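Trainee: Mind folding the following:
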Amino acid sequence: VCSSDLSLVCDIALLVWLGPCQEQRWGTVAFIALTLLSTVLLPPLYTLALFITDDETSRISGFSAVQLALFTAQSQQVKQRRLLGYVPIWLLPWMLLILHFFLLPGTPGMLHFCAICLGYNCIFFKY
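Mentor: Model prediction:
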């Protein structure tokens, strides 16, 4: 299986799994606006992070980073602070990131780190 095929399957799975919950929480218009905002803000944030860390540029492709930013923002709005009584909600995006690294070893880590930071800090996500 080609890594780009696996990446596409992972992107679709995340969208199907998380998208309906996010759309229901924020509404269709806000969900689309947040998706577009994340899509527009992530590349410059990623470029800045690469410049600051003097890291090598890697490809930006797929929807997983945008979905991770939205998932992080959604996790901040959940009233429940622990999953199953043990796992802090704020830890879920990081766990999803680690899982993503195992599924897709060529994933640009800095891009996904930037996505989580965007989800935690972008004012529009407080919607």
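
Trainee: so what strands line up beside the helix or strand of the chain with the lowest mean pLDDT?
Mentor: Using mean pLDDT, DSSP states H and E, the weakest-scoring helix or strand in the chain turns out to be strand 82-83, at a mean of 72. Here strand 82-83 is paired, per DSSP bridges, with strand 87-88 (antiparallel).

Trainee: just how off-centre is the strand it pairs with within its chain?
Mentor: Computed by CA atoms, centre = their mean, to the nearest Å, the chain-centroid distance of strand 87-88 equals 18 Å.

Trainee: Tell me the buried residues in the following helix or strand past that strand?
Mentor: Moving toward the C-terminus from strand 87-88, the next helix or strand (DSSP states H and E) is helix 92-103. Within helix 92-103, the residues scored as buried using 16 or more other CB atoms under 10 Å are 92-93, 96-97, 100. Backbone N, C-alpha and C define where each C-beta goes, glycine included.

Trainee: Contacts for helix 92-103 next, please.
Mentor: Contact partners of helix 92-103, identified using CB atoms under 8 Å, 6 or more residues apart in numbering, comprise 6, 10, 64, 68, 71-72, 75, 83, 87, 107, 109, 112-113, 116, 119.

Trainee: what do you get if the cut-off is 6 Å, keeping everything else the same?
Mentor: The contact list for helix 92-103 (CB atoms under 6 Å, 6 or more residues apart in numbering) reads 10, 71-72, 75, 107, 112, 116.

Trainee: what's the following helix or strand after that helix?
Mentor: Next in sequence after helix 92-103, counting helices and strands by DSSP H and E, comes helix 109-121.

Trainee: From the rest of the structure, what touches that next one?
Mentor: Applying CB under 6 Å, 6+ apart, the contact partners of helix 109-121 are 45-46, 49, 55, 60, 65, 68-69, 72-73, 93, 97.

Trainee: of the residues you listed, closest to V16?
Mentor: Ranked by distance to V16 (CB to CB), the contacts of helix 109-121 are led by L68 at 15.1 Å.

Trainee: and the helix or strand where the closest one lies, how far from the chain's centre?
Mentor: Taking DSSP H and E as the definition, L68 sits inside helix 64-77. Computed by CA atoms, centre = their mean, the chain-centroid distance of helix 64-77 equals 5 Å.

Trainee: Perfect, that will be all.
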